[in-house]
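A.B. asks: Give the three-dimensional model of this entry:
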Amino acid sequence: MKSDVIRPDGGDFWATCPIETIRPLLDAIGTAVFVIRVDADGDFIVELVNRAYERVFGIPGPDIAGRRLADMLDPADFTRVAARYRRCIAAGDVMEYDGEVVLQGRLLLARTTLTPCPAAGRVVRLIGTNADLRDRRAMELELQAARAGADIANRAKSIFMANMSHELRTPLNAVIGYSEMIEAEIFGAAGSPKYREYASDIASAGRHLLDLVNDVLDFTQMESGLVGLGEDQVTPGDLIREAARMAPLAAQSAGPVLDVGRIAPEVTIRVDRRLMRQALVNLLGNARKFSSPEAEVRIGSEVLADGQLCFYVSDTGRGIAAADLPLALAPFGRVEASVSAGTQGAGLGLPITRAIVEGHGGDLFVNSQKGVGTTVFLALPEDRVACADGTRPVASIAGLKDYFRFGGRAVTDTDAALGDGLEDDLPFGAILLDRTGQILRYNAAEARFSEMRPDRVTGRNFFSEVAPCTFTDRFHGRFRDVSEGRLASALFSFVFTLRRPWRVLVEMRPGADPGTVWLFVRWV
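C.D. replies: Reported below is the predicted structural model:
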């Protein structure tokens, strides 16, 4: 209840009016209201609770009217409530807080709005309203219990899958080993040449199945937290060279050409060497699978201006459509184009790689366009990067956004590139907001991800109506800085909570009109 409602005339009516005169007014209000008298010695006396209060909390007013608050509440509850009352009195203004107390044997969980009523130079009454939060708390507890149950079930599933994967590997290794012995005719001729062909097919199928089992094992171990990270000091160059030697790409004479790009010099990183190498091997393997023999694959690393180190694997293969990126990054996700192309795999390469990088406190980002190619970035946090002598490394590139290019240039360099609805051609989300957050333009890629049609969201407020999860200092604060010219741009990772949580890379850039801001959203 606001102070201008309690004191409509700005005087001391609510402070000095007899309680019996106030009672009919407050009983006519549908909100739970209570009145506390503040004695000269600082004691708090319950003068009145209205009918709505009695109805909501089930406490008869005559049972508590005229009683000292200290006599009705548990000492710990009274100390907490009295401290809030005194802060409100000292501030001399409306105060709002959430809290719970046990009154008359009943648990009261409410959002309280407290208004001080002064007369003759001191506060003589406090009038408060209570919004019952018990149903909301019960719902929160139910959700917490459901989430805990789901976590336990998921962990049990992961442990089961990890154990089963181990059980499967033993017989598979035997199948592969014996079939290779038959194929090599170690103990004499196998007879018909067909037997050697069959043995070769058995060994090939066994190795493929073993690869799938290993992928499942790696993923379930990462997912269930069973993998402890090593803390090895290694150079990016060593990891890249090891991955290039181990990757399936190296064994494909007719496959894409592998080019090792720039490697951040004189830098060491603190990582689990085996897992980070596996992450790079996975990316190189994907680049081979989804690229033609004429394509190019490049691997390298850069030190970013914010101190992070970024590995990248880039190819000029078939690319991934923006709408298919969530599926490609989901466990066991197989994009239809890759399935029809006859490529093999369980769809765990990218999820395993992301789990490895996030386990190191880093991030995985994908920049891809169908028919153009794909670049995957693994960004490791600043505290894992140092020079050999312990000093801060010198940046070799300004930042991650320098990698995100479309058609050979950064689309966001000029707003003119997005005129006449050209934002719908972008392979990532693009949203134009005015300075108040009203949506002016909303492109097709973003609509596919959010499942919100552009005509339904255009004209609505992005922060209050479309994505309330962004109304935070981290997101809205940066938007305000860009819209008001205090920042030329902003690039950061964020988690949208729409129909499900989505991790995104957000880039903010000023629009052509003053105060407008482009949001470029790369869903990862």
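
A.B. asks: From residue 184, how far off is residue 301?
C.D. replies: Shown here: residue 301 relative to residue 184, a distance of 41 Å by CB to CB, to the nearest Å. All C-beta spots, glycine's among them, are computed from the backbone N, C-alpha and C.

A.B. asks: mind listing the helices for the stretch 201-350 of the chain?
C.D. replies: Using DSSP state H, counting those that start in this stretch, the helices of the stretch 201-350 of the chain run over residues 236-246, 273-289, 325-329, 336-340, 349-359.

A.B. asks: Tabulate those helices in JSON lines, adding columns for mean pLDDT and mean neighbour count.
C.D. replies: Output for the helices of the stretch 201-350 of the chain, formatted as JSON lines (pLDDT from 0 to 100; neighbours: other CB atoms under 10 Å):
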{"stretch": "helix 236-246", "mean pLDDT": "87", "mean neighbour count": "18"}
{"stretch": "helix 273-289", "mean pLDDT": "85", "mean neighbour count": "23"}
{"stretch": "helix 325-329", "mean pLDDT": "68", "mean neighbour count": "19"}
{"stretch": "helix 336-340", "mean pLDDT": "46", "mean neighbour count": "13"}
{"stretch": "helix 349-359", "mean pLDDT": "83", "mean neighbour count": "22"}
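
A.B. asks: possible to save those as JSON lines with distance to residue 487?
C.D. replies: As requested, the helices of the stretch 201-350 of the chain are exported to JSON lines (distance: least, CB to CB, whole Å):
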{"stretch": "helix 236-246", "distance to residue 487": "30"}
{"stretch": "helix 273-289", "distance to residue 487": "32"}
{"stretch": "helix 325-329", "distance to residue 487": "27"}
{"stretch": "helix 336-340", "distance to residue 487": "39"}
{"stretch": "helix 349-359", "distance to residue 487": "27"}
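
A.B. asks: And those: which comes nearest residue 439?
C.D. replies: When the helices of the stretch 201-350 of the chain are compared by CB to CB, helix 325-329 sits nearest residue 439, at 21.9 Å.

A.B. asks: Could you list the low-confidence segments of the stretch 1-150 of the chain?
C.D. replies: By pLDDT under 70, the low-scoring segments of the stretch 1-150 of the chain are 1-11, 134-142, 144-146, 148-150.

A.B. asks: how about the strands in it?
C.D. replies: 32-38, 44-49, 95-103, 106-119, 122-132 (DSSP state E, counting those that start in this stretch).

A.B. asks: As TSV, those strands with distance to residue 21 would be great.
C.D. replies: Below are the strands of the stretch 1-150 of the chain laid out as TSV (distance: least, CB to CB, whole Å):
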stretch	distance to residue 21
strand 32-38	12
strand 44-49	11
strand 95-103	25
strand 106-119	14
strand 122-132	13
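
A.B. asks: Turn those strands into a markdown table, columns for mean neighbour count and distance to residue 452.
C.D. replies: Listed next are the strands of the stretch 1-150 of the chain as a markdown table, based on neighbours: other CB atoms under 10 Å; distance: least, CB to CB, whole Å:
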| stretch | mean neighbour count | distance to residue 452 |
| --- | --- | --- |
| strand 32-38 | 21 | 37 |
| strand 44-49 | 20 | 45 |
| strand 95-103 | 15 | 32 |
| strand 106-119 | 18 | 31 |
| strand 122-132 | 20 | 31 |
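
A.B. asks: what's the closest of those strands to residue 328?
C.D. replies: strand 95-103 (42.4 Å).

A.B. asks: Okay, angle between the closest one and strand 122-132 too, please.
C.D. replies: When axes from the mean of the first three to the mean of the last three CA atoms, to 10 degrees is applied, the directions of strand 95-103 and strand 122-132 differ by 70 degrees.

A.B. asks: who does strand 95-103 pair up with?
C.D. replies: Strand pairing for strand 95-103, determined by DSSP bridges: strand 106-119 (antiparallel).

A.B. asks: Report the angle between the strand it pairs with and strand 32-38.
C.D. replies: Here the directions of strand 106-119 and strand 32-38 differ by 60 degrees (the same axes, to 10 degrees).

A.B. asks: Dump the C-alpha coordinates for strand 106-119 into CSV.
C.D. replies: Presented in CSV, the C-alpha positions along strand 106-119 are these (Å, rounded to 0.1, in the frame of the first residue of the first chain):
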residue,chain,number,x,y,z
ARG,A,106,0.3,-20.3,11.9
LEU,A,107,3.1,-19.8,9.5
LEU,A,108,2.8,-16.4,7.7
LEU,A,109,4.9,-16.0,4.6
ALA,A,110,4.1,-12.6,3.0
ARG,A,111,5.4,-9.7,1.1
THR,A,112,4.9,-6.7,3.4
THR,A,113,4.6,-3.1,2.4
LEU,A,114,5.0,-0.9,5.5
THR,A,115,4.1,2.7,5.7
PRO,A,116,5.0,5.0,8.7
CYS,A,117,2.4,7.4,10.0
PRO,A,118,3.9,10.4,11.9
ALA,A,119,2.3,12.9,14.2
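
A.B. asks: Centre of the chain to that strand, how far?
C.D. replies: 36 Å (CA atoms, centre = their mean, to the nearest Å).

A.B. asks: Surely residue 424 and residue 444 touch.
C.D. replies: Yes - at 4.5 Å, residue 424 counts as touching residue 444 under the criterion of CB atoms under 8 Å.

A.B. asks: Tell me which of the strands of the stretch 1-150 of the chain lies nearest to residue 366.
C.D. replies: The closest of the strands of the stretch 1-150 of the chain to residue 366 is strand 95-103. By CB to CB, the value is 40.9 Å.

A.B. asks: With residue 508 as the reference, name the closest of the helices of the stretch 201-350 of the chain.
C.D. replies: helix 325-329 (20.5 Å).

A.B. asks: That'll do, ta.
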